[in-house]
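>>> predicted structure and sequence below. I'll ask about it afterward.
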Amino acid sequence: MDQPTNQAPTKANQSTQVALDQNQTPAPVDFVSMVAHELKTPLTSLRGYLSVFIEENAKSMTPEQNMFLSRMDIASTQLSTLVENLLNTSRIERGVITLNPEVVEWVPFVKTIFVEFENRAKERKIELEFIEPTTGFTKLMVDKLRITEVISNLITNAITYNKEGGKIILSIEVKDNEVVTHVQDTGIGIAKEAQGKLFEKYYRVQNSAAGRANGTGLGLYVSKVFVQMHKGKIWVNSESDKGSTFSFSLPVARDVPSVQK
Ligand SMILES: Nc1ncnc2c1ncn2[C@@H]1O[C@H](COP(=O)(O)OP(=O)(O)OP(=O)(O)O)[C@@H](O)[C@H]1O
Ligand SMILES: [Mg+2]
């Protein structure tokens, strides 16, 4: 029988430990999600301190130092999106996602998320434009956290798969019973034959961008599940080399007694 030991694990027995844990875990994604969960706390702390540091010191630093900090900020946000997508995929597979819907005034909500991407867009010389609807009922019942992830995933993709010097237009279309949000980019576009597979788990289009841009192919899968859980739809219109528009619809909250105005 193996005796417990207080010795620090060597490289060899560390890898045995990992192998044993993998054997004991029913699905590989659970092991991944365990790691993702462990990454979340230190990452949140890093991002928090970094943003305080940038806020307090940006004015006294050289442009080069500011650029380094901005890159650190972007990289830590990317890591955090990756961790969230991994955790969400595991939650979806285990059927443990619940929604906490609340009434949201859609236009300012989306705008706040959009402007947070200014740094990342600037880094790739991409222009951002926000087009607001002028009239219409725009109160929705959403789980803010989940829907923030949907919008963030679409904007992240629009930046990642754009061309340097390109543009992203976020527009909101108000219909009778639903609000449709479009994220349009002037990027590399998606070939017709790939468009049907985009929302599948781990799917990534095999092109030069796949090698250049980090990604796991989970962002659109998670986004689709979250939109469907809100009784909405998500789809894409795209043309190779011209750009893509990802759109999703969400029902308005007219039926909720407290928000009928
Ligand atoms: N706006 C876009 N323009 C061109 N291709 C896109 C766009 N959005 C997504 N794609 C293609 O669809 C694939 C799947 O996107 P998805 O967001 O699910 O995964 P990802 O970006 O590869 O990784 P991550 O899980 O980090 O989001 C991408 O790898 C890319 O090939
Ligand atoms: Mg993505």
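Received, thanks. Ligands and ions are numbered 1, 2, ... in the order given.
>>> for residue 75, give its distance to ligand 2.
15 Å (Cβ to the ion, to the nearest Å). No exception for glycine: its C-beta is placed from N, CA and C like everyone else's.
>>> burial check on that residue, number of neighbours?
12 (other Cβ atoms under 10 Å).
>>> try the one 10 residues further on
Other residues lying near residue 85 total 22 when counted by other Cβ under 10 Å.
>>> same question, residue 39
16.
>>> what of the one 5 residues further on?
For residue 44, the count of nearby residues is 13 (other Cβ under 10 Å).
>>> help me confirm that it is found in a helix?
Yes - using DSSP: H, G, I helix; E, B strand; the rest coil, the assignment for residue 44 is a helix.
>>> so how far is residue 225 from it?
Distance of residue 44 to residue 225, given as Cβ to Cβ, to the nearest Å: 23 Å.
>>> one more: residue 57?
Per Cβ to Cβ, residue 57 is found 40 Å from residue 225.
>>> write out the residues of the stretch 1-150 of the chain neighbouring ligand 1.
Contacts of the stretch 1-150 of the chain with ligand 1, taken as Cβ under 6 Å from any ligand atom, map to 82, 85.
>>> now the helices for the stretch 1-150 of the chain?
Using DSSP state H, counting those that start in this stretch, the helices of the stretch 1-150 of the chain run over residues 11-24, 28-57, 63-94, 106-115, 118-123, 144-160.
>>> ranking the ones you listed by burial, who's on top?
Most buried of the helices of the stretch 1-150 of the chain, by mean neighbour count (mean count of other Cβ atoms under 10 Å): helix 144-160, with a mean of 21.
>>> next secondary structure after it?
Counting by DSSP states H and E, the element after helix 144-160 in chain order, helix or strand, is strand 167-174.
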